[in-house]
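Engineer: just the structure for this:
(4 chains)
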Protein chains: 2
Amino acid sequence: MKIGELAKRSGQTQSRIRFYERIGLLKLVDRRANGYRAYPPEALVVLNLIDTAQNAGFSLDEIRRMVPSDLGEWKHEGLLDALRAKVAEITTLEGRLAQSKAQIAGLIAEIEAKPGDITCKDNARRVMARMLVETAERS
Amino acid sequence: MKIGELAKRSGQTQSRIRFYERIGLLKLVDRRANGYRAYPPEALVVLNLIDTAQNAGFSLDEIRRMVPSDLGEWKHEGLLDALRAKVAEITTLEGRLAQSKAQIAGLIAEIEAKPGDITCKDNARRVMARMLVETAERS
DNA sequence: TCTAACCTTTAATCTAAGTTTAAGGTCAAG
DNA sequence: CTTGACCTTAAACTTAGATTAAAGGTTAGA
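Structural biologist: This next block holds a predicted model:
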């Protein structure tokens, strides 16, 4: 399979596929006499794997460490550790997002609760004072 | 207040404070005769505000659009819209994270459920087949 | 043979949010 | 008057994950 076909079948750009090769992520490639890249069908599997892992939040660097690229010898214990670490990481991130969301929601409520008889400027001051309290609490 | 003091009191680096000024985020600054920057106390408030907003997940670009920098005229309706949009964005992100987490957790379970009588290589194939199914389902 | 579709390479460019470096001006103390 | 702390600028560099451009080689079909 030439790169154009692999690109079409994997849904990725040629430049991206060449980039993965350059950074040592996709080693499953040969060369024909004319210099063209020749991919075995497994290359499609690897590209899908990379895409899946990336969607799960792994960086290309992490993926390179996890995927053996020859597709047959997973350094199994390291992989499990990486997966568990990633779950923990996501959990942490979820906590931070929930906090941010609550903070913003609170701010919206604060702004909307404008007494109506005070000026916009005064409301701004009131809201700002509240935000600074939150900032102080966070640190 | 000179930049050194502002940096110390805000907990940010001088280069960062100059950078904020350069991109038009911190306009609350004067110059002394010698060329030194002179900050009013409110600059500290603005820096805290930027920090808070950034922690809530806003980009500097978004912050610039939201914060009027003269600290007294909030284009109120735009701010509320931005805040609501950010809450929606966080909610979307939370959904994606939950999905990723579930996917990884499933993968961990799959790997650990290795029958015990098959080889590591065969288990790799089994797990990979499973991952590719998930990839296909996602697209 | 011409042309269009493919393929190759290296190097530059992009975004975000800054940091670092180089070269130099200002100021207070001893 | 010199030393050290502080300030100035512009420009280059950083990371991640690519994309784009420039310049050129290969191949299939009419």
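Engineer: who in chain A is up against DNA strand C?
Structural biologist: Proximity of chain A to DNA strand C (Cβ under 7 Å from any atom of the strand) is limited to residues A:Lys2, A:Ile3, A:Gly4, A:Glu5, A:Ala7, A:Gln14, A:Arg18, A:Gly35, A:Tyr36, A:Arg37. Where C-beta positions appear, they are placed from N, C-alpha and C, glycine not excepted.
Engineer: would you confirm that the last one contacts A:Leu26?
Structural biologist: The one in question is A:Arg37. No. Judged on Cβ atoms under 8 Å, A:Arg37 makes no contact with A:Leu26 at a distance of 10.0 Å.
Engineer: and for the closest residue to DNA strand C within chain A, the neighbour number?
Structural biologist: Here chain A gets closest to DNA strand C at one residue, A:Gly4, 2.4 Å apart by Cβ to the nearest atom of the strand. For A:Gly4, the count of nearby residues is 12 (other Cβ atoms under 10 Å in any protein chain shown).
Engineer: my guess is it meets A:Ile17, correct?
Structural biologist: No. Using Cβ under 8 Å, A:Gly4 is not in contact with A:Ile17; the gap is 9.9 Å.
Engineer: tell me, what residue is most central in chain A?
Structural biologist: A:Gly57 (3.9 Å; Cα atoms, centre = their mean).
Engineer: for that residue, which non-adjacent residue is closest in space?
Structural biologist: B:Ser100 (5.2 Å; Cβ to Cβ, 6 or more residues apart in numbering or on different chains).
Engineer: which residues does that neighbour contact?
Structural biologist: Shown in contact with B:Ser100 (Cβ atoms under 8 Å, 6 or more residues apart in numbering or on different chains): A:Asn55, A:Ala56, A:Gly57, A:Ile90.
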